[in-house]
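**Q** predicted coordinates and the sequence they were generated for:
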Amino acid sequence: MKVLITGSTGFVGRYMVKALLNEGFEVASIVRNLDKLRRLYGEKVKGYEGNFEDKASIRKAFEDFKPDYLIHLIGILYEEKSKGITFHKVHYIYSKNLYQVAKEFDIKKVLHMSALGTHKNAPSSYHKTKYQTEQELIKTGLNYTIFRPSIILGPEQRLFFDMWSITRYLRVIALPSGGHYLFQPVDVRDVVCCFLKAIKSEETNGKIYEVCGDKKVSFKKLLEDVFSYWNRKVLLLPMPKALMYLGGLLIERIMEPPPFSSDQMLMMWRDNICGLDPEVESQGVQKVCQKAPIPYQESLLWSLKEFKNLMIT
């Protein structure tokens, strides 16, 4: 069986590709940088240099590789407007072009990475474009499974790199609304499990799954746990979310990428936990992988231990 994957060189993509290869799938990827793909996977993954704004570029990969399944992981957490990198372009336009091309071929299923908090009434551009993309996929008539994970834990989680860099020199972190915003962190290995199990599972066809871990954790608690593991004393300073929103508007005009953005404040429109949207499937790990999620403490300790190894090397 052949799987075409986007985002193969990113955080989740690296674990996804490794798991697909271990399961015996033939894997190909559309990428901007073929050298990076080869450095990571050698000849194990077939690479196609592509531009997701150009359907002809995408079509070449489909015509040559003839995939059975498509896994789409590409997404961004912040915009870099000076480079033309926006949520609308990366989340919506790229995905729309990809799925319109996929419609021309005999694809058995599309497995799409969305995000928890995605909703038609969400105020952030991040979540709005995620929702528009989900709807675009549904409209194509392609067979699909959509996953909406909470914050994903793993050694390459961007939050760890940001906090490590900032607190090396400045031992103060501002917490919007005191950091009471809740996550339900999920291990990257559980996210990968959901995608792989869904590939051949007819039960998952045409469904949207929330993907969460076993524990609801506040942003403040998550940071406290991270800094405790690093033995760093950091002052967590409560700040009004409205003030941080205004600060984000200012700082994102002068720094790319910004340490935080106005849109990230809007993303906190409600807790990032499972079960708030009854129209979609909750407890994705339990339902798709048929197992309990990896416990929060176990996942965090593994992530931070391996993160430390990454920083050393």
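**A** Perfect, thanks for sending it. Residues are numbered from 1 along each chain as shown.
**Q** please enumerate the helices of the chain.
**A** Counting by DSSP state H, residue ranges of the helices within the chain are 11-22, 34-41, 55-65, 87, 94-102, 125-140, 158-169, 188-200, 219-230, 241-254, 262-267, 284, 296-312.
**Q** out of the ones you listed, which comes closest to Ala28?
**A** helix 55-65 (4.5 Å; C-beta to C-beta). In short, each C-beta sits where N, CA and C put it, glycine included.
**Q** pipe the helices of the chain into CSV and attach distance to Leu276, mean pLDDT and mean neighbour count per row.
**A** Putting the helices of the chain into CSV (distance: least, C-beta to C-beta, whole Å; pLDDT from 0 to 100; neighbours: other C-beta atoms under 10 Å) gives the following:
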stretch, distance to Leu276, mean pLDDT, mean neighbour count
helix 11-22, 23, 98, 19
helix 34-41, 36, 96, 15
helix 55-65, 34, 96, 17
helix 87, 22, 96, 22
helix 94-102, 24, 97, 21
helix 125-140, 13, 97, 20
helix 158-169, 22, 93, 15
helix 188-200, 19, 97, 21
helix 219-230, 17, 97, 18
helix 241-254, 19, 91, 15
helix 262-267, 14, 94, 20
helix 284, 14, 97, 30
helix 296-312, 19, 93, 16
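**Q** so for Leu111, which of those sits nearest?
**A** Here helix 188-200 is closest among these (C-beta to C-beta), at 5.2 Å.
**Q** which elements pack onto that closest one?
**A** Counting contacts by 3 or more C-beta pairs under 8 Å, 6 or more residues apart in numbering; DSSP states H and E, helix 188-200 is packed against helix 11-22, strand 109-113, strand 144-149, strand 152-153, strand 207-211.
**Q** next one: the second one to chain centre, how far?
**A** To tie it back to what came earlier, the one meant is strand 109-113. Chain-centre distance of strand 109-113: 13 Å, with C-alpha atoms, centre = their mean, to the nearest Å.
**Q** neighbouring strands - and their directions - for that strand?
**A** Strand 109-113 sits in its sheet next to strand 69-72 (parallel), strand 144-149 (parallel), going by DSSP bridges.
**Q** spit out the contact partners of Lys55.
**A** Each residue near Lys55 by C-beta atoms under 8 Å, 6 or more residues apart in numbering is listed here: 97, 100-101.
**Q** can you list the residues you listed in a markdown table and add distance to Ser57?
**A** Shown next, in a markdown table, are the contacts of Lys55 (distance: C-beta to C-beta, whole Å):
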| residue | distance to Ser57 |
| --- | --- |
| Asn97 | 9 |
| Gln100 | 13 |
| Val101 | 9 |
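**Q** closest to Glu306 among these?
**A** Asn97 (34.9 Å).
**Q** surely the closest one meets Glu53?
**A** Yes - look at Asn97 against Glu53 with C-beta atoms under 8 Å: they come within range, at 6.9 Å.
**Q** returning to what we had before: which of the contacts of Lys55 lies closest to Ile85?
**A** Asn97 (15.8 Å).
**Q** distance check, the closest one against Ile58.
**A** Distance of Asn97 to Ile58, computed by C-beta to C-beta, to the nearest Å: 6 Å.
**Q** what touches both of these two?
**A** Common neighbours of Asn97 and Ile58 (C-beta under 8 Å, 6+ apart) are Phe52.
**Q** just to revisit the earlier point, now, which of the contacts of Lys55 sits nearest Ile138?
**A** Gln100 (13.3 Å).
**Q** quick one, phi psi at the residue of the chain most remote from its centre?
**A** The C-alpha centroid of the chain is most remote from Lys233, which lies 29.3 Å away (C-alpha atoms, centre = their mean). The phi/psi pair for Lys233 (degrees, to the nearest 10) reads phi -90, psi 110.
**Q** contacts only, for it.
**A** Taking C-beta under 8 Å, 6+ apart, one finds 171, 227 in contact with Lys233.
**Q** against Val172, how distant is it?
**A** Lys233 is 11 Å from Val172, by C-beta to C-beta.
**Q** spit out the residues that contact the two alike.
**A** Counting by C-beta under 8 Å, 6+ apart, Lys233 and Val172 have no shared contacts at all.
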